[in-house]
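Peer 1: Quick one: sequence and predicted model below, then my questions.
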2 protein chains.
Amino acid sequence: MHSIKQVLDDTALTNTTVTVAGWVRTFRNDRFIALNDGSTIRNLQCVIDQEQVDAATRARFTTSAAMKCTGVIVESKGSGQRVEMQVTAVEVLGDSDAEKYPIQPKKHSLEFLRENAHLRFRTNTYSAIFRMRHQVSFGIHEYFDQQGYNYFHAPIITASDAEGAGEMFQVTTLPLEKAPLQLREDPVDYDLFTTVRNDYASQVAATIMHIVENSGIDKKAAYIFADSLMYHIKLEPQKLMMASEKMTPEKYNYSDIARRILGEMVPIVYQHLMAGQVGDKKLSDYQLEVESICKKHGYTLRRRIGGYYERLFSTEQLPMHGLAFHNIFEIIPGKVDYEKDFFGRETHLTVSGQLQAELAALALGKVYTFGPTFRAENSNTARHLAEFWMIEPEAAFMDLQGDMDLAEGLCKHLIARVLKNSMDDLQFLDARLKEEEATKPKEQRSEMGLIDRLNFVLENPFERITYTEAIDILLRSKPYQKKQFQFPVEWGVDLQSEHERYLVEKHFKKPVIVTGYPAQIKAFYMRTNGPGDLGYTDKGKTVAAMDVLFPGIGEIIGGSQREERLDVLEARMKEMHVPAEELWWYLDTRRFGTVPHAGFGLGLERFVLFVTGMGNIRDVIPFPRTPKSAEF
Amino acid sequence: MHSIKQVLDDTALTNTTVTVAGWVRTFRNDRFIALNDGSTIRNLQCVIDQEQVDAATRARFTTSAAMKCTGVIVESKGSGQRVEMQVTAVEVLGDSDAEKYPIQPKKHSLEFLRENAHLRFRTNTYSAIFRMRHQVSFGIHEYFDQQGYNYFHAPIITASDAEGAGEMFQVTTLPLEKAPLQLREDPVDYDLFTTVRNDYASQVAATIMHIVENSGIDKKAAYIFADSLMYHIKLEPQKLMMASEKMTPEKYNYSDIARRILGEMVPIVYQHLMAGQVGDKKLSDYQLEVESICKKHGYTLRRRIGGYYERLFSTEQLPMHGLAFHNIFEIIPGKVDYEKDFFGRETHLTVSGQLQAELAALALGKVYTFGPTFRAENSNTARHLAEFWMIEPEAAFMDLQGDMDLAEGLCKHLIARVLKNSMDDLQFLDARLKEEEATKPKEQRSEMGLIDRLNFVLENPFERITYTEAIDILLRSKPYQKKQFQFPVEWGVDLQSEHERYLVEKHFKKPVIVTGYPAQIKAFYMRTNGPGDLGYTDKGKTVAAMDVLFPGIGEIIGGSQREERLDVLEARMKEMHVPAEELWWYLDTRRFGTVPHAGFGLGLERFVLFVTGMGNIRDVIPFPRTPKSAEF
């Protein structure tokens, strides 16, 4: 059997008999099957002899039906293809009921196709995208292999969240509906409420018993009531209302506080009980009294509103226990007992493999990662995914200049590769984009087509400027003068999308690499610039960072030279509240044979967006993961 | 700057001046630095002129110190290297305190190095392993690219757990210590216990009040006690002990059941209360009495042992509430409200990308995945990881023969590649293995060295046998006759490691592909064999599965032709309790243009084990994830 790509490209096959298999794209004039097998966007025209194939069989040549055709490859009389097949034998491998097949032979919206992502690979647009995604992915491996880099698999599950690159997904084998909890051992400062240390719980309980037994309440009722209170004291980490300052055992006498407040509460509760005001009385009915008691003793009562228990039960459902501890004092759940979790500790999905890649680079010299990374950010935009693929090279003995060269070299290698290997798919996507652009108002249309744009990026060096220069350009720009920028422009603030787009699309009209960003807007591991370093300025502390900005995409690569000086790194971590003890292994590389090194991160999907001309990141990954969506 | 690999390999560099940088492996005779930069396992000997470098500087040439050396490359007078560097300038980039550096220049155990995984890349063994891991990884991409396969990124986070390939990790953004719960709306059949519908809770509560008020107990105590019971009834989804058959509101009168049991329980509890037997009495003291009441009414009491609350509190801590509902009746927590989770549903880490890869293959023709997969199995063995990398090709129009050819072709491509590109590293690992083998008893030593073994596998076709033939061979084998096999050998049971090893290591002495396994021990998606199919037998139903078994490793590849016939697939899913409605998208590919197709899964780490000769899978992945271990 031959692939359709082979049949269409290999002139030696003309006038020979071959067999192909694929899916019907269209069936025209009861004679011409356009067959596609995924090997290329081009279809093979298979011409049926109506006398050999009966009408019942021909009726099965519906869109997406699978068939096997054998026949002679001949030069095509029709336009649009060099050769076609004169079919001598045909077999339907799998029918496709035209009435039920979701993707009809008409133009569907991308939204509709996203909902049918399991079948969208069968359309021209998506098959082109995913063949190109392969070309880009393989090109990445090829580039780094050629440059002597080792493919390094950073761990996906990580116990480290020190990089702080956004919200993370938790990974666990604990049952969510009843995760094992442990009592908090230390008091926790939590707004106005503080947990009671476990070793004080029995002291508090004993105090309450004493109060209740001496409160004049009927002994049996008191006993039961006190026990109910004790129960709630003991339930998970216990709470007593306290001043918001940090409690220490020396500073407060818990039993004294408990006695003072509870000693006055219990009789009131009992009084209501006796008056039969329990069953249908609302919590708020008691609130004033309890508040006034607390106030008298110098504490502010803060009732939990919209909290955990109140979501489970309405106050009407809690007549008696509405008076008990958990409604007056906030119950903070115990800490989850992570020793019982699979890894014996709290673990998350990685947001970046960089720190681990540094460990390997500082021994193997050059490594790169290529793996999935995750952000649990609730961003429903055309540029964000919760799960995406990232490439992170890291090289010892490389400085920021080398980093920029590596990044630019990679982008150009990939663009050259798709121009060489994906021209069929590019032509289709180029035409698709032109069609889409034509629907836009004239001033919003891009000046160049997809292929032109790729060639332009390939042929021109990326512009390299410092952040300080970028700010100067922006301050002199028309949109700034005309107050058309939404966000402020001044040295020290981060560049916003509108600023990046101005630099790339209006000012330089090509990819731009910005270096030397202010330290305060960049990560702790980036190297602090000194006099003579690229991007150094007397306007403020800068770091050896670099962002590569692409037209239409914005930041496609973010990288930096890493801070290799232990003392500088430690000072910066302290400044940025990064816990050094959690990153002992990272710091070890600076302790033992530290060297200058650098690296960057490239978002695969953003690059695929650029080379395919697509606008929504959900269209360039097979099964996008976004808030509220994890189908297939 | 040059890499050390360049300097050692490029004869044109002899007698020129070059600069290299790397880490000191050893410093001998106060003169000879063995410098390594990770580009190769070989070191560059850098010869210092003692008159140019003062003693204080020389004292800094400690193991793992980083340095930059400039000098002339000359032919080496010493043995073991072709060239060496006559150093003219030297700079210490980063010191390494010999007293503190964890990896001393001596032989460390692999266990010790695993604990220092952040630095183990700096040893010969691990740098060789991770360079070879790159060669294997790149070789995989290269092989599939050459064969026209598209790299396909299957989703890592998945809402589908239908494949049932083992325990999964949950992915969530819900807080584990207080995940939002929702009341169960329907009664749930749960062993002997069934939840009470929320709308019946008040009915039950009213009944209890009635019982207690008429029980002759002191009114106030009764009131409080009943309320305590009510509280527990209302706590989360509520439980009443019931017969195990499914409850419907029509079938049972809840209040009647509650009255009958509770009506007799309450006085007993009160009696103990009155006798002062509450404070320090154990739950088990009451159990017999309560059991007999339940029995009389036709219900079996099943006390919770080792359950949730008992893990939180000892029974001593629950004097009164030990008598309350949650200790007598099991409390099932509410269902987690996954609509509040990030994806709006329960999600896990993938165990395989195969099902999704099939979707793409049935449009693009040929795809392969290469990504991390996860198993939350509590296996602490030298062969299991919780996180590992898997390669899963999938091709339309491919049958089982083609699948076997693809698998064998891949293995041989990779072995040829490492023999070509990794000979330095292989020679080191070969010698390492010989040393290790020498410590074993003679009869346990392998007959071939590492390189010999790789050549042998490369040069010989894999043996291909059916499962039925494998069983016949095993039944005729010496170990079977001598009853040396621990596990039974008979048609229908799965092959155990001891059987696989006999076939591969003793009988055939080369890789073996076993096909046509019994259907009942294989997955639902494998194609059912009919007469004429490879592996068909009248001994029982078989499927078109294939396992590739390697010496020393066992199963390294598992694959199959997939069941493309909708009716056969649906019947088999029903038989194996795979929920068809969850896999609607998978079944769609069989509904619309289904075609024969096949694929397999290769565990990257197992393959790297084979080509490196290592014995523990934790030594061939940078940062292993195993039960209780997620360091770095």
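Peer 2: It's in.
Peer 1: low-confidence ranges in the stretch 201-350 of chain A?
Peer 2: A:201-334 (pLDDT under 70).
Peer 1: close enough to count as contact, A:Thr62 and A:Ile103?
Peer 2: No - here A:Thr62 lies out of contact with A:Ile103, judged by Cβ atoms under 8 Å, at a distance of 11.7 Å. All C-beta spots, glycine's among them, are computed from the backbone N, C-alpha and C.
Peer 1: I'd guess A:Thr19 is in a helix, am I close?
Peer 2: No - read with DSSP: H, G, I helix; E, B strand; the rest coil, A:Thr19 is strand and lies in no helix.
Peer 1: what separates it from chain B, distance-wise?
Peer 2: 10 Å (Cβ to the nearest Cβ, to the nearest Å).
Peer 1: Confirm for me that A:Tyr338 is in contact with A:Ala179.
Peer 2: No - contact criterion Cβ under 8 Å: A:Tyr338 and A:Ala179 do not qualify, at 9.3 Å.
Peer 1: dump the residue contacts of the residue nearest to A:Arg590 when sequence neighbours are not counted.
Peer 2: Nearest residue to A:Arg590 in three dimensions, chain neighbours excluded: A:Leu566, at 4.1 Å (Cβ to Cβ, 6 or more residues apart in numbering or on different chains). Listed by Cβ atoms under 8 Å, 6 or more residues apart in numbering or on different chains, the contact set of A:Leu566 reads A:587, A:590-591, A:594.
Peer 1: Could you export those residues as TSV, including distance to A:Gln135?
Peer 2: Rendered in TSV, the data for those read as follows (distance: Cβ to Cβ, whole Å):
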residue	distance to A:Gln135
A:Leu587	40
A:Arg590	39
A:Arg591	42
A:Thr594	38
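Peer 1: where does A:Met423 sit relative to A:Gln135, distance-wise?
Peer 2: Look at A:Met423 and A:Gln135: by Cβ to Cβ, to the nearest Å, they are 11 Å apart.
Peer 1: Compare the two (neighbour count), which wins?
Peer 2: Relative neighbour count places A:Gln135 above the other of A:Met423 and A:Gln135, with 24 against 12, counting by other Cβ atoms under 10 Å in any protein chain shown.
Peer 1: which other helices and strands contact the helix or strand the more buried one falls within?
Peer 2: Using DSSP states H and E, the element containing A:Gln135 is helix A:124-146. Counting by 3 or more Cβ pairs under 8 Å, 6 or more residues apart in numbering or on different chains; DSSP states H and E, the packing neighbours recorded for helix A:124-146 are strand A:150-151, strand A:366-374, helix A:400-421, helix A:423-438, helix A:604-612, helix B:124-146, strand B:150-151, helix B:354-364.
Peer 1: Give me the mean pLDDT for the third one.
Peer 2: If I follow you right, that is helix A:400-421. On average, the pLDDT along helix A:400-421 is 98.
Peer 1: same question, the last one
Peer 2: When pLDDT is averaged over helix B:354-364, the result is 97.
Peer 1: Among the contacts of A:Leu566, which one has the most neighbours?
Peer 2: Using other Cβ under 10 Å as the contact criterion, the top neighbour count among those goes to A:Thr594, which has 24 neighbours.
Peer 1: Do you know the pLDDT at the residue nearest to that residue when sequence neighbours are not counted?
Peer 2: Nearest-residue entry for A:Thr594: B:Gly94, 3.5 Å, with adjacent residues in sequence omitted and distances by Cβ to Cβ, 6+ apart. According to the per-residue confidence, B:Gly94 scores 97 in pLDDT.
Peer 1: Tell me what B:Gly94 is bridged to.
Peer 2: Applying DSSP bridges to B:Gly94 yields these beta-bridge partners: B:Ala66.
Peer 1: So what's the residue count around it?
Peer 2: Applying other Cβ under 10 Å, we find 22 other residues in the vicinity of B:Gly94.
Peer 1: list the contacts for it?
Peer 2: A:564, A:590, A:592-595, B:65-66.
Peer 1: how about these in TSV, adding secondary structure and pLDDT?
Peer 2: Shown next, in TSV, are these (DSSP: H, G, I helix; E, B strand; the rest coil; pLDDT from 0 to 100):
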residue	secondary structure	pLDDT
A:Glu564	coil	98
A:Arg590	helix	97
A:Phe592	coil	97
A:Gly593	coil	97
A:Thr594	coil	98
A:Val595	coil	98
B:Ala65	coil	97
B:Ala66	strand	98
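Peer 1: sorry, back to before: which parts of the helix holding A:Gln135 are buried?
Peer 2: A:124-145 (16 or more other Cβ atoms under 10 Å in any protein chain shown).
Peer 1: Sheet partners, orientation included, of the stretch of helix or strand A:Trp23 belongs to?
Peer 2: Following DSSP H and E, one finds A:Trp23 within strand A:17-28. Based on DSSP bridges, the strands next to strand A:17-28 in the sheet, each with its direction, are strand A:32-36 (antiparallel), strand A:66-75 (antiparallel).
Peer 1: okay, these, which one's buried deepest?
Peer 2: The densest packing among the strands paired with strand A:17-28, expressed as mean neighbour count by mean count of other Cβ atoms under 10 Å in any protein chain shown, is seen in strand A:32-36 with a mean of 22.
Peer 1: got the angle for it vs helix A:124-146?
Peer 2: Here strand A:32-36 runs at an angle of 30 degrees relative to helix A:124-146 (axes from the mean of the first three to the mean of the last three Cα atoms, to 10 degrees).
Peer 1: and strand A:32-36, average pLDDT?
Peer 2: For strand A:32-36, the mean pLDDT works out to 97.
Peer 1: Do whatever helix or strand comes next after it and chain B come into contact?
Peer 2: Proceeding C-terminally, strand A:32-36 gives way to strand A:44-47 as the next helix or strand, assigned by DSSP H and E. No - Strand A:44-47 does not reach chain B (Cβ under 8 Å from any Cβ of the partner chain); its nearest approach is 12.9 Å.
Peer 1: where's A:Glu570 relative to A:Tyr525, distance?
Peer 2: Going from A:Glu570 to A:Tyr525 by Cβ to Cβ gives 12 Å.
Peer 1: Looking at the two, which is more packed in?
Peer 2: Legend: neighbour count by other Cβ under 10 Å for A:Glu570 and A:Tyr525, higher for A:Tyr525 (24 against 15).
Peer 1: what residues are up against that one?
Peer 2: Residues touching A:Tyr525, when contacts are defined by Cβ under 8 Å, 6+ apart, comprise A:354-355, A:560, A:562-563, A:569.
Peer 1: So for stretch A:127-146, could I get the coordinates as PDB, restricted to C-alpha?
Peer 2: In PDB, the C-alpha atoms belonging to stretch A:127-146 read as follows (Å, rounded to 0.1, in the frame of the first residue of the first chain):
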ATOM      1  CA  SER A 127      -4.900  18.300   9.600                       C
ATOM      2  CA  ALA A 128      -2.600  21.100   8.300                       C
ATOM      3  CA  ILE A 129      -2.100  22.500  11.800                       C
ATOM      4  CA  PHE A 130      -1.300  19.200  13.300                       C
ATOM      5  CA  ARG A 131       1.100  18.200  10.600                       C
ATOM      6  CA  MET A 132       2.900  21.500  11.100                       C
ATOM      7  CA  ARG A 133       2.900  21.000  14.800                       C
ATOM      8  CA  HIS A 134       4.900  17.900  14.200                       C
ATOM      9  CA  GLN A 135       7.300  19.700  11.900                       C
ATOM     10  CA  VAL A 136       7.900  22.400  14.500                       C
ATOM     11  CA  SER A 137       8.200  19.800  17.300                       C
ATOM     12  CA  PHE A 138      10.700  17.700  15.400                       C
ATOM     13  CA  GLY A 139      12.500  20.800  14.300                       C
ATOM     14  CA  ILE A 140      13.000  21.700  17.900                       C
ATOM     15  CA  HIS A 141      14.600  18.300  18.700                       C
ATOM     16  CA  GLU A 142      16.600  18.500  15.500                       C
ATOM     17  CA  TYR A 143      18.000  22.000  16.300                       C
ATOM     18  CA  PHE A 144      19.100  21.100  19.800                       C
ATOM     19  CA  ASP A 145      20.500  17.800  18.900                       C
ATOM     20  CA  GLN A 146      22.600  19.500  16.200                       C
END
